[in-house]
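Undergrad: Structure here, sequence nowhere to be found:
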């Protein structure tokens, strides 16, 4: 595997132990790591590739003394890796066509697409799209959760591991985590395709696919609650709630003496960990122990 592939997989957190060891042996590793650790110098949470590339190239210029070779502009353009850790995201441009945007744990961001559609991306989520072909085919892949404000025009597709959401122009939220796919339509009409099923979802309706089963519902919300700092759940297995808690607060949770498949309906605030813990433990009469970023949730027997 060449340097560029190792760098891209490192940014995505996808290196295995052997690849990580090889990556750390590169003479450029110290510079990459330093840039990553100090990427808070970037200011804009909205992607402007030319501006961010200029910033990144400027930082690279300060690091050339630690490189074993001269980094050419062509090489940097090919990698085109821009880190904005202070705002919880990074994006990469692969082969100058494919754009990937990743948010980190406990962070959110907003991205503007080439057609002026807007995406608000929740914590620990990824989107990917082909910028060069966007005018002809508006399609992106999502792993995680995002709220879409789609500009009217041709068909707009959001592909996930569990199904595809298609619209012409509307506002909707898509959440795909593991075996859970949840779609909420706030404006217009969306179509959710899963295997051979094609379900139309008008505004004010929700659709949940969990463990292969569809569950339809209603919503009176005008936008997803997480945009306003609250994570909400309607008849969701408890382990999904705990997973989202870990994403929002960057903590590790251990659950003891309790069935993680129990169904939870409720919400927690994303800016007050003590209040949030009470919100997810009190309904089940659970106790918790919080130490640094480690949380133990348990039920006395």
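TA: Nice, I can see it. Given the structure is predicted, the values throughout are model-derived calculations rather than measurements.
Undergrad: Give me the neighbour count for residue 183.
TA: Per other Cβ atoms under 10 Å, the neighbour tally for residue 183 reads 23. To be clear about C-beta, it is placed using only N, CA and C from the backbone, and glycine gets the same treatment.
Undergrad: Secondary structure of it: a strand, I assume?
TA: Yes. Assignment of residue 183 by DSSP: H, G, I helix; E, B strand; the rest coil places it within a strand.
Undergrad: List the residues that contact the residue nearest to it when sequence neighbours are not counted.
TA: Counting by Cβ to Cβ, 6 or more residues apart in numbering, residue 207 is the residue found nearest to residue 183 once chain neighbours are left out, at 4.9 Å. Residue 207 makes contacts with 182-183, 192, 199, 201, 214-217, as judged by Cβ atoms under 8 Å, 6 or more residues apart in numbering.
Undergrad: What of residue 172?
TA: Residue 172 touches 147-148, 150, 165, 183-188, 190, 201, counting by Cβ under 8 Å, 6+ apart.
Undergrad: Residue 221 too?
TA: So residue 221 contacts 184, 186 (Cβ under 8 Å, 6+ apart).
Undergrad: do the same with residue 281
TA: Applying Cβ under 8 Å, 6+ apart, the residues contacting residue 281 are 287-288, 297.
Undergrad: Just the buried ones from the residues you listed?
TA: 288, 297 (16 or more other Cβ atoms under 10 Å).
Undergrad: could I get the contacts of residue 281 as a markdown table with pLDDT, secondary structure and distance to residue 258?
TA: What follows is the contacts of residue 281, written out as a markdown table (pLDDT from 0 to 100; DSSP: H, G, I helix; E, B strand; the rest coil; distance: Cβ to Cβ, whole Å):
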| residue | pLDDT | secondary structure | distance to residue 258 |
| --- | --- | --- | --- |
| 287 | 95 | strand | 10 |
| 288 | 96 | strand | 11 |
| 297 | 97 | strand | 7 |
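Undergrad: Redo the contacts of residue 281 as CSV? Include distance to residue 113.
TA: Formatted as CSV, those follow (distance: Cβ to Cβ, whole Å):
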residue, distance to residue 113
287, 45
288, 40
297, 39
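Undergrad: nearest to residue 119, of the contacts of residue 281?
TA: residue 297 (32.5 Å; Cβ to Cβ).
Undergrad: What are the boundaries of the strands in the stretch 51-200 of the chain?
TA: For the stretch 51-200 of the chain, the strands defined by DSSP state E, counting those that start in this stretch cover 81-84, 89-94, 98-103, 109-112, 118-121, 126-130, 138-149, 156-159, 164-167, 171-177, 180-187, 189-194, 197-202.
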